[in-house]
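Trainee: I'd like to go over a predicted model; first the sequence, then the structure.
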Amino acid sequence: MSTAIIVINATRLSQVNVQAPTYLLYPGPNNITIVTVSCMIQGDRGGSNICHYVFVVCAVAMGAYIGTATLLCLTCNLCGVGAILELVLHLAQTGWWAAASITLSTYIHKTNDRGWPREGDRNAVLAFSWTSVPVAFVMAIFTSIEVAQWCRDYCFCCCFYRGLSQPHGGDPERQAGQQANVAEVRRKAEADTLAAAAAAAAAAPDFLLEPDPVPAKPMAPVAEVQLSAEPMRPPTQQVVAGGGREAPGAAPGLKGAAV
């Protein structure tokens, strides 16, 4: 809108030669019918204050939008609260263009009533100016909805969500959504961990992947046997009277004398 108004104002309404209305013609034999007008919005041959005012209005409006967009870009949406700044900007633009449109309407209607040429160009400037008002207001409405959603999620969380149980003001849908998000993040982290482990295993040398050898089972201790060089001898036997033999270690003299 501002660009169109600037183009029309600069090329069609500022410093132009036009056919003067009848009441401005000079009397006498040398009537002047072509006059140079500084501003066709103002409706006279002298001065161009209104045309300069139009340039200033458009320049300020465009500069505000460009400056705000640059600020939001450099500050990452103003650290998350850029919607508030946009709402203030759109409301200010609504009032700015409303005041400018009222001012231009006064001059343009007066100039058209006097019969100055290029009435269509003046009406185009006025139409663009009035169109900027509802456009800025509609943008303010959409931005206010975004600000309301932001306040619902962050500004009022201490009052409605923090420290309240579900039966007394909690939001089950919100809590369920948060739990679902946490579960999703956890599953993604586990999948990333498994993928990293698989990649590390594929890149590792083969000898690192071989299992450690099983230690040998210890053998049971073997009893030591001492060998003697002396020949084994049979035990001493005793002959008992009656033809029997006394077992080794028996007490002598029980049945007879030993032989």
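Mentor: Looks like it arrived, so ask away. Numbering: from 1, shown residues only.
Trainee: Surely residue 107 and residue 40 touch.
Mentor: No: Residue 107 lies out of contact with residue 40 (Cβ atoms under 8 Å); the separation is 10.1 Å. C-betas here are computed from N, CA, C, even on glycine.
Trainee: Between these two, point out the one with more neighbours.
Mentor: Each of residue 107 and residue 40 has its neighbours counted (other Cβ atoms under 10 Å); residue 40 has more, 26 against 20.
Trainee: I figured the more buried one was touching residue 120, is that so?
Mentor: No: with contact defined as Cβ under 8 Å, residue 40 does not reach residue 120; the gap is 11.0 Å.
Trainee: Give me the phi and psi for the nearest residue to residue 52 once chain neighbours are set aside.
Mentor: Leaving aside its sequence neighbours, residue 52 sits nearest to residue 39 (Cβ to Cβ, 6 or more residues apart in numbering; 8.0 Å). For residue 39, the backbone dihedrals (degrees, to the nearest 10) come out as phi -150, psi 120.
Trainee: I'd guessed residue 39 sits against residue 55; true?
Mentor: No: contact criterion Cβ under 8 Å: residue 39 and residue 55 do not qualify, at 10.6 Å.
Trainee: neighbour-wise, which of these two wins?
Mentor: residue 39 (24 against 16).
Trainee: for the residue nearest to residue 52, which residues make a bridge with it?
Mentor: residue 14, residue 44 (DSSP bridges).
Trainee: so what secondary structure elements neighbour the helix or strand harbouring residue 52?
Mentor: Using DSSP states H and E, residue 52 falls within helix 49-74. When contacts are defined as 3 or more Cβ pairs under 8 Å, 6 or more residues apart in numbering; DSSP states H and E, helix 49-74 sits against helix 2-12, strand 34-39, helix 82-113, helix 119-150.
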